[in-house]
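**Student:** predicted structure and sequence below. I'll ask about it afterward.
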Amino acid sequence: MHQSNNHIAQSAPERDKNWSPIGVFDSGYGGLTILREMQKLLPQYDYLYLGDNARAPYGTRSFDIVYRFTLQAVEELFRRGCKLVILACNTASAKALRSIQQNDLPRIDPSRRVLGVIRPTVEQLGTLTRSNHVGLFATPGTVRSNSYALEVAKLFPRMELTGHACPMWVPLVENNEADKPGADYFVSQDVKALMKADPAIDTVILGCTHYPLLYPKIRACLPPDVRLIAQGEIVAKSLTDYLHRHPEMESRLSRSEHQGHTEYLTTEQAEPFARMASLFLHTDIEATQITLS
Ligand code: DGL
């Protein structure tokens, strides 16, 4: 692993000039659930994934810290050739996206783009709910930011959104406990609390990219007639639309004829990351450890 670290560390800045992957950022493993769907729908592009595993979880951190860490990650992905970065993390989308788009991008490079996952998710709600009562599971940071509620109010003023924070769910996933019996207790408590807060809910969003790993357990606790929505496909479709609408960006992305190339970066040790990520992605991968500052 060390050899490969050195290789990337030395070669990244002076890498082939045509290397222009789509950057995908998350605090840890969660963004892999988004990357997986992007790779399925848009396999021709190159991707560069970055998980800030050393500093995860972000969900309980302050606005200021999440913004600072996310900006460091975006700048690193830019340095490594990305012209387009997806914050595949609701917490970062809620707490850092707007500042980065409005204040940092004009200064760093106005031609690059950073996109989040909250808006595309909310856009789909109108076609999903019948009762107009929607539930949201997310990190404490995302729920407290009110970002989902604000987007819902803009797009669907008559929709009622009830958010419920699940502080234990990300640690369960990051520690590879998502499919173990210990997770059952926390999942069932949180599902009960959400459905008690608004029994009219007919659609529940997993507003944290880590949560699809808990999908079977959450599904089993929810009433069968309640829809459970993970974001991966929604975000991948929304990226497809974005690239159609923005050919000037699409033409700057590097790709291969059939299957693009994906590289993985983590701020924690590369080997455990690669092992866990291989579980998420159902394929073996190699990762490289980097430092963000
Ligand atoms: N996966 C992230 C999200 O979508 C953040 C989880 C965390 O680091 O707390 O919110």
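**Tutor:** Right, received. Where do you want to start? Numbers count the residues shown, from 1 in each chain.

**Student:** only C-alpha atoms for contact and neighbour calcs from this point on.
**Tutor:** Fine.

**Student:** please name the nearest non-neighbouring residue to Gln39.
**Tutor:** Of all residues not flanking Gln39 in the chain, Tyr45 sits nearest, at 7.8 Å (Cα to Cα, 6 or more residues apart in numbering).

**Student:** hmm, that neighbour is touching Ser251, no?
**Tutor:** No. Assessed by Cα atoms under 8 Å, Tyr45 is found out of contact with Ser251, at 10.9 Å.

**Student:** count the residues that sit near the residue in the stretch 101-250 of the chain positioned nearest to the ligand.
**Tutor:** The nearest approach of the stretch 101-250 of the chain to the ligand comes at Cys208, 3.2 Å away (Cα to the nearest ligand atom). When neighbours are defined as other Cα atoms under 10 Å, Cys208 has 26 of them.

**Student:** which residue is nearest the middle of the chain?
**Tutor:** Ala88 (2.1 Å; Cα atoms, centre = their mean).

**Student:** against Ser99, how distant is the residue nearest to it when sequence neighbours are not counted?
**Tutor:** Using Cα to Cα, 6+ apart and skipping the chain neighbours, the partner closest in space to Ala88 is Gly31 (4.8 Å). Gly31 is 21 Å from Ser99, where distance means Cα to Cα, to the nearest Å.

**Student:** Ile285: what's it in contact with?
**Tutor:** Tyr264, Ala274, Arg275, Ala277, Ser278 (Cα atoms under 8 Å, 6 or more residues apart in numbering).

**Student:** Produce a PyMOL select command limited to the buried residues of the residues you listed.
**Tutor:** Per 16 or more other Cα atoms under 10 Å, the buried members of these correspond to this PyMOL selection:
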select buried, resi 264+274+277
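
**Student:** any idea how far Glu257 is from the residue nearest to Gln39?
**Tutor:** 9 Å.

**Student:** which one's more surrounded, the two?
**Tutor:** Remark: of Tyr45 and Glu257, Tyr45 carries more neighbours, 22 against 8, as counted by other Cα under 10 Å.

**Student:** for that one, name its beta-bridge partners.
**Tutor:** Tyr45 has these beta-bridge partners by DSSP bridges: Arg255.

**Student:** quick one, what contacts Glu268?
**Tutor:** Asp52, Asn53, Ala54, Gln289, Ile290.

**Student:** thinking again about what came up before, between Gly31 and Ser99, which one's more packed in?
**Tutor:** Neighbour count, other Cα under 10 Å: between Gly31 and Ser99, Gly31 has more, with 25 against 13.

**Student:** need the contact list for the more buried one.
**Tutor:** Gly31 makes contact with Val24, Phe25, Gly51, Ala88, Cys89, Thr209, His210 under the criterion Cα under 8 Å, 6+ apart.

**Student:** also Ala165?
**Tutor:** Counting by Cα under 8 Å, 6+ apart, Ala165 has contacts Phe137, Ala138, Thr139, Pro140, Val143.

**Student:** was I right to think the second one contacts His210?
**Tutor:** No. Using Cα under 8 Å, Ala138 makes no contact with His210, being 9.5 Å away.

**Student:** show me what from this protein comes close to the ligand.
**Tutor:** 26-27, 30, 56-59, 89-91, 139, 170, 208-210 (Cα under 6 Å from any ligand atom).
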